[in-house]
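*Asks:* Sequence and computational prediction follow.
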There are 2 protein chains.
Amino acid sequence: MEQKIQSLASLGTKNFTVYLDEVSLKDGTISKRICIDHPQAAAIVPLISDNELIMVRQYRYALRRETLEIPAGKIDKGESAEECIKRELAEETGFEAKVIKWLYTYAPAVGYSNELIHLYLGSDLEKLGNKVNEGEISSLEILTIDEVLGMIRNHEIVDSKTIIALAFVSPLV
Amino acid sequence: MEQKIQSLASLGTKNFTVYLDEVSLKDGTISKRICIDHPQAAAIVPLISDNELIMVRQYRYALRRETLEIPAGKIDKGESAEECIKRELAEETGFEAKVIKWLYTYAPAVGYSNELIHLYLGSDLEKLGNKVNEGEISSLEILTIDEVLGMIRNHEIVDSKTIIALAFVSPLV
């Protein structure tokens, strides 16, 4: 158990806030913890056919590189995880998933973030009339599940939500 | 591509630093990004027998709860990932893994952290004479691989490195 004594400082954007907290450890020692107070998020494996999914390639500032990922986004205030992932899928790919199935909920970075990511499998996709949000996505890519599993086995995919969601769709080993 | 204009503020502990950066997005818009500059880390599935591993239970301040995880830690300056995981395994469990095999390297939180975690499988474990570091670990638990897979299938494990490492040891589905 680690007890918060006080927040010493914080940094924020409209999306989330980072706190530098002074904490008391279980042996009584006083220490500091950086803690991101992050909204929950949702991600989806959108099956556009029995064996193909839509993925997004986007620039990730923290990593200073592009990554290939499944569609995902932060849950807005008042929104459920299911509503969030349907909205994000529409915004990023222009598709609606008529059927979504929850796969798992995990914590990406237990050492410094309270973020939880809810993973879904989406099927029965239908094209919507909306304009896709091109602000953050570099490209959409349609790949077979076997191609994505091959990229994971070749260590070409680094994103935790993509690896974990695929591991619940098909064995990685 | 997102170009850094300037860092507006930062927060740090001895372990890592968080920056609030002003960035120029690919369409020219000016925005802000929170970015954790985090050392790389390493984690290990330590096989204490053919079908059993050692896990650690520890309080995670960001989540305000205990989690069950594989042993892990941050890579010190000048240390290799292999040296780090051998040191962390000794400190947290009191065991040395005579054989370690790299499984995968992934990015837990691509949205706001440059952390990369190197995952290993350790075998041929030998008890060391050292005192185990009890500062951060609540308890050590020896579980069979099937028990851990069962806990994952029951959604009892939330930690990304534990789920991904196990997915490379045995199918989750």
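*Replies:* Sure thing, it's come through. Numbers count the residues shown, from 1 in each chain, chains lettered A, B, ... in the order given.

*Asks:* Show me chain A divided up by domain.
*Replies:* Chain A breaks down by automatic domain parsing into domains covering A:3-37, A:41-167.

*Asks:* Point me to the residue of chain A nearest chain B.
*Replies:* Taking CB to the nearest CB, chain B has its nearest neighbour within chain A at A:Pro171, 3.3 Å off. No exception for glycine: its C-beta is placed from N, CA and C like everyone else's.

*Asks:* Excluding covalently adjacent residues, which one is nearest to that residue?
*Replies:* Nearest in space to A:Pro171, with sequence neighbours left out and distances taken as CB to CB, 6 or more residues apart in numbering or on different chains, is B:Pro171 at 3.3 Å.

*Asks:* hey, which helix is longest across chain A?
*Replies:* For chain A, the longest helix by residue count, based on DSSP state H, is helix A:81-93.

*Asks:* Return the most buried member of the domains of chain A.
*Replies:* Greatest average neighbour count among those goes to domain A:41-167 (a mean of 19), per mean count of other CB atoms under 10 Å in any protein chain shown.

*Asks:* Quickly check: that domain near chain B or not.
*Replies:* Yes - Domain A:41-167 lies within reach of chain B by CB under 8 Å from any CB of the partner chain, at A:59-64, A:67, A:69, A:104-116, A:135-136, A:155, A:158-160, A:163-164, A:167.

*Asks:* hang on, the earlier thing: now do the longest helix of chain A, average pLDDT.
*Replies:* On average, the pLDDT along helix A:81-93 is 97.

*Asks:* residue contacts, A:Leu8?
*Replies:* Shown in contact with A:Leu8 (CB atoms under 8 Å, 6 or more residues apart in numbering or on different chains): A:Leu20, A:Asp21, A:Glu22, A:Lys32.

*Asks:* For the worst-scoring helix or strand of chain A on mean pLDDT, enumerate its sheet partners and note whether each is parallel or antiparallel.
*Replies:* Across the helices and strands of chain A, mean pLDDT, DSSP states H and E gives its lowest value to strand A:137-144, namely a mean of 93. Sheet pairing of strand A:137-144 (DSSP bridges) gives strand A:52-60 (antiparallel).

*Asks:* The partner strand versus helix A:81-93: what angle between them?
*Replies:* Calculated by axes from the mean of the first three to the mean of the last three CA atoms, to 10 degrees, strand A:52-60 forms an angle of 80 degrees with helix A:81-93.

*Asks:* which non-adjacent residue is nearest A:Glu22?
*Replies:* Computed as CB to CB, 6+ apart, the closest residue to A:Glu22 that is not its neighbour in sequence is A:Ile5, at 4.4 Å.

*Asks:* ranges for the strands of chain A?
*Replies:* Ranges of strands within chain A are A:3-12, A:17-24, A:30-37, A:41-49, A:52-60, A:65-69, A:72-74, A:95-106, A:117-127, A:137-144, based on DSSP state E.

*Asks:* What's the mean pLDDT across the fifth one?
*Replies:* So that's strand A:52-60. 97.

*Asks:* repeat for the shortest one
*Replies:* With pLDDT averaged residue by residue, strand A:72-74 scores 97.

*Asks:* Check the first one too.
*Replies:* For strand A:3-12, mean pLDDT is 95.

*Asks:* Partner strands of it and their direction?
*Replies:* strand A:17-24 (antiparallel).

*Asks:* Contacts for the strand it pairs with, please.
*Replies:* Here strand A:17-24 makes contact (CB under 8 Å, 6+ apart) with A:2-12, A:30-37, B:11-13, B:18, B:34, B:61.
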